[in-house]
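A.B. asks: return a 3D structure for these sequence lines:
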Amino acid sequence: SMFVGEFARVLSCAAQRGLLTSALVAQAPMLGLDAWAAASRLLAKQLEEKGFYHQAVAQLLACHQVLDALALYRRAALWRDALALARARLPPHSPILLNLWLQWGRTLLARRHPTLAAQCFLRAG
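C.D. replies: All right, here's what the predicted structure looks like:
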């Protein structure tokens, strides 16, 4: 049914069942920018639930959802990746960047890595 003009229904069914693929999302722009962005965000959620964090972030970044991508990396405790993304996409003195350094430092402190935690706290200022 995808090839007879019912792609919107196919995409909707795949999304509802958690069966979105990058191939389906790649065809979503024919339904409009909003449909593509929504499909990208749904695919990102699906990928995150399966543990494919980097692929999920790529989907979010494709539709300019930098803050959502950073939140995903935080939830996954991928601090280095979150900081690399934040440093690449946010202003140097962004409070979000500062907060990432502090959160990573607290996490390291809780895991009994005081020396590494101190480095994070120093980077936070």
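A.B. asks: residue contacts, residue 107?
C.D. replies: By C-beta atoms under 8 Å, 6 or more residues apart in numbering, the contact set of residue 107 is 77, 79. C-beta here means a position set from N, CA and C on the backbone, and glycine is covered the same way.
A.B. asks: tell me which element it falls in.
C.D. replies: helix 95-110 (DSSP states H and E).
A.B. asks: what does the next helix or strand after that helix rub up against?
C.D. replies: Moving toward the C-terminus from helix 95-110, the next helix or strand (DSSP H and E) is helix 114-124. With C-beta under 8 Å, 6+ apart as the test, helix 114-124 has contacts from 98, 101, 102, 104, 105, 106, 108, 109.
A.B. asks: dump helix 114-124 to PDB, restricted to CA.
C.D. replies: Extracted in PDB, the C-alpha atoms of helix 114-124 (Å, rounded to 0.1, in the frame of the first residue of the first chain):
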ATOM      1  CA  PRO A 114      37.100  12.000  43.400                       C
ATOM      2  CA  THR A 115      40.100  13.000  41.200                       C
ATOM      3  CA  LEU A 116      38.100  12.800  38.000                       C
ATOM      4  CA  ALA A 117      35.200  14.500  39.700                       C
ATOM      5  CA  ALA A 118      37.500  17.400  40.700                       C
ATOM      6  CA  GLN A 119      38.500  17.900  37.100                       C
ATOM      7  CA  CYS A 120      34.900  18.200  36.100                       C
ATOM      8  CA  PHE A 121      34.200  20.700  38.800                       C
ATOM      9  CA  LEU A 122      37.200  22.700  37.800                       C
ATOM     10  CA  ARG A 123      36.000  22.700  34.200                       C
ATOM     11  CA  ALA A 124      32.600  24.000  35.400                       C
END
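A.B. asks: now do the buried residues in it.
C.D. replies: Of the residues in helix 114-124, 117, 120, 121 count as buried by neighbour count, 16 or more other C-beta atoms under 10 Å.
A.B. asks: now, which of the residues you listed sits nearest residue 39?
C.D. replies: Nearest to residue 39 among these is residue 120, at 36.3 Å by C-beta to C-beta.
A.B. asks: excluding sequence neighbours, find me the nearest residue to the closest one.
C.D. replies: In this structure, residue 120 finds its nearest non-sequential neighbour in residue 105, 3.3 Å apart by C-beta to C-beta, 6 or more residues apart in numbering.
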